[in-house]
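**Student:** Fold the stuff below for me.
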Amino acid sequence: MGREQWKKIWVGSAGNMVEWFDWFVYATFAVYFADSFFPEGNETANLMNTMGIFAVGFFMRPVGGWLLGRIGDRKGRKAALTLTVTLMSASAVLIAIAPTYDVAGYGGVAVLMVARLLQGLSVGGEYAASATYLTEASAPEKRGFASSFQYVSMTAGQLVGLGLQIVLQRNMSEAALHSWGWRIPFVVGALGAGIVFYLRRSMLETEVYADSGAAEQQDRGTLKVLWQHRREAFLVMALTMGGTVAYYTYTTYLTKFLSKSAGMEKSTASLVSFCALFVFMCIQPLAGMLSDRIGRRPLLITFAVGSTFLTVPIMTMLKHADTFWPALGLALLALLVITGYTSINACVKAELFPTGIRALGVGLSYAVANALFGGTAEYVALWFKNAGAESGFYWYVAGCAAVSLVVYLTMRETRDIDLNRVVAGQAGEKAQPAGATSVTPAS
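**Tutor:** This is a model prediction of the structure:
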């Protein structure tokens, strides 16, 4: 892969990393600031309230998927990507300065809620724009590899957040972290977003978008056109269901599960998550390359089968893994299984839609499924735990994967789709491979 191709991947991924750093540090630092915004009481109940606000951000993501997907289809991928990072920077600043319950009562909760709504709006559009950009800006025979960097950058953002957490845990007292130290990552996120805003202003538009004629279509990026592709939209929601629940279970929720359920020290739980996610990040491009050779469906089916039958035993053993190495081994096994979904889900979804509706089709459909299943995963897990039936959550995750398995078994292969020739109802039909794509200066 040449220097120009790597540059496209870097530009398309750097902002995504900062976006997801800001998104995930809320979840990873929630154990420290949960008690700051609510009256003293049950620690699990306060954490549930805080994660409830986390889930609210997910329900804003369909709005972001619609609004910023529409902008991406009507104004170009660059315009949408620049706007998303602006919104994320504003939300990080709000959380960093949010007053605690002792200072402003529930006023701090209101600030936190507004910030999460902005984050949801931003991330809802970020997924669509980055998935579309990475898929369109790569050569057809490298789409799986290039699009895998979406989860590389997402995971890198989470790793930076976890790494910062580990550093703070080892250099600050528990009291200081609960008092004010949790604000540090949000300040860092706001600064990082400012840098990425500068980088994205010099982004290049994809040639697929520039040459498609989509910019001249009056109805591009509208719900009316999306309705013509409702089959593909529902397909995206169904194939997302199992993957997003499993992903959030073994990423954002893992640290809390190990500390709250397995009884592991918070610092050790964070280190387990960090090491597991680092390996997970490194294997994404390998799985993406494999999908370019054997197709997308084999990887998706492997994920769904593994998640359906292995989730319950893995989670059961994780609950009793109170030391580093057993927990790391089990986490790596779970993330290896999930790689079959994460490494290629971006390109699979983008390959289903024509250029004039691609960003909206991917963004809105994915965001709805993510809000219903990904955003609520931690809350559902904590609800089962609070009800004294924690193992019920394990079966819930396995059941969601089983539903997606049915979809993977019945859907068509998308690897050879020509992005310039996708029409309604064509999703999955084999087309002649298109020539290598590139990017052209944005107007």
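
**Student:** which SS state does residue 264 fall under?
**Tutor:** Using DSSP: H, G, I helix; E, B strand; the rest coil, the structure places residue 264 in coil.

**Student:** Just the strands from the chain, written as ranges.
**Tutor:** Secondary structure of the chain (DSSP state E): strands at 205-206, 439-440.

**Student:** Tell me which strands the first one pairs with, and in which orientation.
**Tutor:** Spelled out, that is strand 205-206. strand 439-440 (antiparallel) (DSSP bridges).

**Student:** which of the strands of the chain has the lowest average pLDDT?
**Tutor:** Among the strands of the chain, strand 439-440 carries the lowest mean pLDDT, a mean of 42.

**Student:** doesn't residue 145 make contact with residue 135?
**Tutor:** No - using Cβ atoms under 8 Å, residue 135 is not in contact with residue 145, being 10.9 Å away. In short, each C-beta sits where N, CA and C put it, glycine included.

**Student:** ok, now how distant is the nearest residue to residue 181 once chain neighbours are set aside from residue 187?
**Tutor:** Nearest non-adjacent residue to residue 181, counting by Cβ to Cβ, 6 or more residues apart in numbering: residue 172, 4.8 Å away. Here the distance between residue 172 and residue 187 works out to 14 Å (Cβ to Cβ, to the nearest Å).

**Student:** try residue 62
**Tutor:** From residue 62 to residue 187 the distance is 29 Å (Cβ to Cβ).

**Student:** Could you list the low-pLDDT ranges of the stretch 301-443 of the chain?
**Tutor:** Low-confidence segments of the stretch 301-443 of the chain (pLDDT under 70): 422-443.

**Student:** Can you show me the helices along it?
**Tutor:** 324-342, 345-350, 358-369, 377-386, 391-410 (DSSP state H, counting those that start in this stretch).

**Student:** Which elements pack onto the shortest one?
**Tutor:** Counting contacts by 3 or more Cβ pairs under 8 Å, 6 or more residues apart in numbering; DSSP states H and E, helix 345-350 is packed against helix 107-136, helix 143-147, helix 230-250, helix 358-369.

**Student:** how far off helix 358-369 does the first one point, in degrees?
**Tutor:** Relative orientation of helix 107-136 with respect to helix 358-369: 140 degrees, computed using axes from the mean of the first three to the mean of the last three Cα atoms, to 10 degrees.

**Student:** what about helix 107-136, distance to the chain center?
**Tutor:** Put simply, helix 107-136 sits 10 Å off its chain's centre (Cα atoms, centre = their mean, to the nearest Å).

**Student:** buried stuff in that helix?
**Tutor:** By neighbour count on 16 or more other Cβ atoms under 10 Å, the buried set for helix 107-136 is 108-109, 111-113, 115-136.
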